[in-house]
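*Asks:* how does the following fold in three dimensions:
(one chain, ligands or ions: 1)
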Amino acid sequence: MTNPEPESGGERLQKVLARAGVGSRRVCEELIGDGRVTVNGDVAVLGRRIDPGADAVAVDGVPVVVDPTRVHYLFNKPAGVVTTAGDPQGRPTVVQSVPPEPRVFPVGRLDAETEGLLILTNDGELTHRLTHPSFGVDKEYLAEVEGSPGRLALRRLRGGVELDDGPTAPAAVALVAPGLVRITIHEGRNRQVRRMCEAVGHPVRRLVRTRIGPIAERRLAPGEWRALTAEEVRSLYQTTASTDAARRPR
Ligand code: URA
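*Replies:* Predicted coordinates for the structure are as follows:
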């Protein structure tokens, strides 16, 4: 049997999908009707009921977070807060900045002095997708640098800079104002933006992450967090799905 379905109990699949930010119930019914939804790997049929805490759901092969115990926070990290779980110097940590239960972990890391957007979650699949280089999710930074990079320095930043752990991948780089550079990278190497700017002769004075894939947020004050909406979580999964497909050999 390929599509075991509890006769009673559980919740209707379209209701769970709608709550997970996939679309209206109507849209979700259509997706199910079109055979685009799987439950535990098997194509689901209309009328299917599931246990959101136990069943794995995907639309077009992209996982949908239906487990109600999963939480996703967006935090605006201030300078001086560390991304590690504990700090020998007793500095505040990002984990202490969000609710203690359920336990969450930062997705990747920002240097202690770097500010800006950081996701914390107990969703291991999303963490993997956002941090593994094969998914290559864009991260955008605003860097206030010493001096103001000229055309040559900007071209070097764009084309790839030779660092002691190898050359950086091409980056999107724009001079926003004198001494203020917007840099978008999809690698996650240690102190990468700082090292890139230093390598072209313009050390960073202040660094702020302004976007993670599709997630940009200007209203969150430093030190504040909010829960990502179901639609935002969905958009993060979708971003990693498209970059994954784009990188797959044809
Ligand atoms: N690049 C850096 O140099 N520091 C960060 O925290 C993130 C990216």
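
*Asks:* in this structure, which strand is the longest?
*Replies:* strand 204-212 (DSSP state E).

*Asks:* what residues go with each domain of this structure?
*Replies:* Domains of the chain are assigned by automatic domain parsing as 11-64, 72-133+215-247, 138-212.

*Asks:* worst mean pLDDT among the ones you listed?
*Replies:* Of all those, mean pLDDT reaches its minimum on domain 72-133+215-247 (a mean of 92).

*Asks:* next up, the contacts around Leu154.
*Replies:* 173, 175, 181 (C-beta atoms under 8 Å, 6 or more residues apart in numbering). Every residue, glycine included, has its C-beta placed from N, CA and C.

*Asks:* what about it, which helix or strand?
*Replies:* Assigned by DSSP states H and E, Leu154 belongs to helix 151-159.

*Asks:* quick check: end-to-end length of stretch 33-42?
*Replies:* One end of stretch 33-42 sits 14 Å from the other (C-alpha to C-alpha, to the nearest Å).

*Asks:* residues of that stretch that come out buried?
*Replies:* 36-39 (16 or more other C-beta atoms under 10 Å).

*Asks:* before we move on, the earlier item: near the ligand, which of the contacts of Leu154 show up?
*Replies:* Among these, not one lies near the ligand by C-beta under 6 Å from any ligand atom.

*Asks:* and of these, the nearest to the ligand?
*Replies:* Lowest distance from the ligand to the contacts of Leu154 (C-beta to the nearest ligand atom) belongs to Val181, with 12.3 Å.

*Asks:* ok, now which ones touch the closest residue to the closest one other than its chain neighbours?
*Replies:* Nearest non-adjacent residue to Val181, counting by C-beta to C-beta, 6 or more residues apart in numbering: Ala143, 4.8 Å away. Going by C-beta under 8 Å, 6+ apart, Ala143 touches 180-183, 193, 197, 204, 206-208.

*Asks:* quick revisit: of the contacts of Leu154, closest to Val82?
*Replies:* The shortest gap between Val82 and any of these belongs to Val181, at 24.8 Å (C-beta to C-beta).

*Asks:* wait, the closest one sits on Gly150?
*Replies:* No - taking contacts as C-beta atoms under 8 Å, Val181 lies outside contact range of Gly150: 11.6 Å.

*Asks:* out of these two, which sits in the more crowded spot?
*Replies:* Val181 (25 against 12; other C-beta atoms under 10 Å).

*Asks:* quickly find the element holding that one.
*Replies:* Judged by DSSP H and E, Val181 forms part of strand 180-185.

*Asks:* again, but for Phe75
*Replies:* Here Phe75 is assigned to strand 72-77, by DSSP H and E.
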